[in-house]
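Trainee: Quick one: sequence and predicted model below, then my questions.
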Amino acid sequence: GDPVEIASIDDISRATIVRLAAGGRTGILTFAHHLFEGSVVVNPTTTDPFRDRNVVHAITKNNQLDWIRGWISFYVQAHGADAVILYDNGSTLYSRLDLERVVAEVPDLAVIAVIAVNFPFGSNGTSNTDYESLFLQRSMLELSRTRFLSRSGAVLNVDIDELFYSHSGRSVFEATRTSH
């Protein structure tokens, strides 16, 4: 393939973003460093389906399918979510397609993305001052931000065991849009 130049390198919390001057090309990117080498698939940016959407974003692994359905239904009904991105981190109790089918059963979702990943979540803490690193969570959120969500209306990055309750009845998405 053709060589590409590094356009920028940005260090962010728990991750590094390397932007390449590839002119929007997709395909296989092969890289080599003195410490490691490998290849990754470069996918196109897909922001139009999420334009102006209220998106719920999470990583799941082996959470019960009925629990996931209820969790998404809550955000649709209570907050007006109309899109969801779920990263399935190597679930063994069901397939990615089973997860996608269950998510698709939730009424009023206009856009659904269930993406298979299989990476360590990060190191677990070993002391009171050493905490979980959450490398995967931070990296997937950044990937979603740049690949899917740059034109979305609002995004809620929330764990599947978390439900945000609004005392005022105001949607978390509406509160986000009007906060700045």
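Mentor: Cool, got the structure.
Trainee: What residues of the lowest-mean-pLDDT helix or strand in the chain count as buried?
Mentor: None of the helices or strands of the chain scores lower by mean pLDDT, DSSP states H and E than strand 15-21, at a mean of 78. For strand 15-21, the neighbour count (16 or more other CB atoms under 10 Å) marks residue 15 as buried. C-beta: built from backbone N, CA, C; applies to glycine.
Trainee: Equivalent analysis for stretch 32-45, please.
Mentor: Using 16+ other CB under 10 Å, none of the residues of stretch 32-45 count as buried.
Trainee: circling back: quick one: strands adjacent to the least confident helix or strand of the chain?
Mentor: strand 5-12 (antiparallel) (DSSP bridges).
Trainee: in this protein, which spans are strands?
Mentor: 5-12, 15-21, 27-32, 37-42, 54-60, 83-89, 111-117, 154-157 (DSSP state E).
Trainee: I would like the residues contacting the second one, please.
Mentor: Okay, so that is strand 15-21. Residues from elsewhere that reach strand 15-21 (CB atoms under 8 Å, 6 or more residues apart in numbering): 4-10, 29, 135, 138-139, 142, 146.
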